[in-house]
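J.: Kindly return the folded structure for what I paste below:
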Amino acid sequence: MKTSISEGKHRIQWTAQNQLDDLDFADDLAFLSHANEQMQIKTASVATVSASVGLNIHKGKIKVLKYNTENSNSITLDGETMEDVESFTYLESIIDEQGGSDADVKARIVKARTAFLQLNKQHMQLKNCI
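T.: Predicted structure coming up:
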């Protein structure tokens with residue numbers, strides 16, 4: 001990943017003093033960019049570097065989420081258009097076009113509620129056995 005983006009500055013401004021680079025974890029990558037052209041370059045560059053070491057990118061797993069943009073140009077890889085989505089999950093966190101955390105927080109509340117109800121059922125079963 002570092003090799004594929006070393007040619008230029010491709011970070012996004014996160015706060016007044018900090019910039020955010022791409023998010024990488026094992027085989028899960030999330031590219032960040034202000035410009036469609038930079039995103040296209042990153043995608044092609046990572047594919048090229050990956051291929052040079054014998055790794056292939058599964059094009060069906062690539063998702064493109066555009067936030068606060070009017071650019072409707074698609075991201076392509078080897079002539080194939082990558083799928084545009086309204087939200088995706090990265091490392092168990094939901095990221096969506098709204099840019100906030102509402103969808104992620106709601107999903108976590110539902111998961112916590114489900115886990116609590118399962119524990120409550122087990123507690124009741126144990127209580128009846130004693």
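J.: Please count neighbours and contacts with C-alpha atoms only from this point.
T.: OK.
J.: For Ala51, give me its contacts.
T.: Under the criterion of C-alpha atoms under 8 Å, 6 or more residues apart in numbering, Ala51 has no contact partners.
J.: and the gap between it and Asp28?
T.: Taking C-alpha to C-alpha, to the nearest Å as the measure, Ala51 falls 16 Å from Asp28.
J.: Next: Glu70.
T.: The spacing between Glu70 and Asp28, counted by C-alpha to C-alpha, is 27 Å.
J.: just Lys66 next, same as before
T.: Taking C-alpha to C-alpha, one finds Lys66 at 18 Å from Asp28.
J.: Compare neighbour counts for these two and give me the winner.
T.: Using other C-alpha atoms under 10 Å, the more surrounded residue of Lys66 and Asp28 is Lys66, with 20 against 9.
J.: who are the neighbours in contact with that one?
T.: Lys66 neighbours (C-alpha under 8 Å, 6+ apart): Asp84, Val85, Glu86, Glu97.
J.: so it, which of the three states?
T.: Following DSSP: H, G, I helix; E, B strand; the rest coil, we place Lys66 in the coil state.
J.: if you average pLDDT over the top helix by length along the chain, what comes out?
T.: Longest helix in the chain, counting residues (DSSP state H): helix 102-129. Rounded to a whole number, the mean pLDDT of helix 102-129 is 82.
J.: which of the residues in it are buried?
T.: Buried residues in helix 102-129, defined by neighbour count with 16 or more other C-alpha atoms under 10 Å: Ala103.
J.: name the helices or strands packed onto it?
T.: strand 93-96 (3 or more C-alpha pairs under 8 Å, 6 or more residues apart in numbering; DSSP states H and E).
J.: among the helices and strands of this protein, which has the poorest mean pLDDT?
T.: Lowest mean confidence among the helices and strands of the chain (mean pLDDT, DSSP states H and E): strand 19-20, at a mean of 56.
J.: residues making contact with stretch 93-102?
T.: So stretch 93-102 is in contact with Leu65, Lys66, Tyr67, Asn68, Glu86, Ser87, Phe88, Thr89, Ala103, Asp104, going by C-alpha under 8 Å, 6+ apart.
J.: wait, which of those is closest to Leu77?
T.: Leu65 (15.6 Å; C-alpha to C-alpha).
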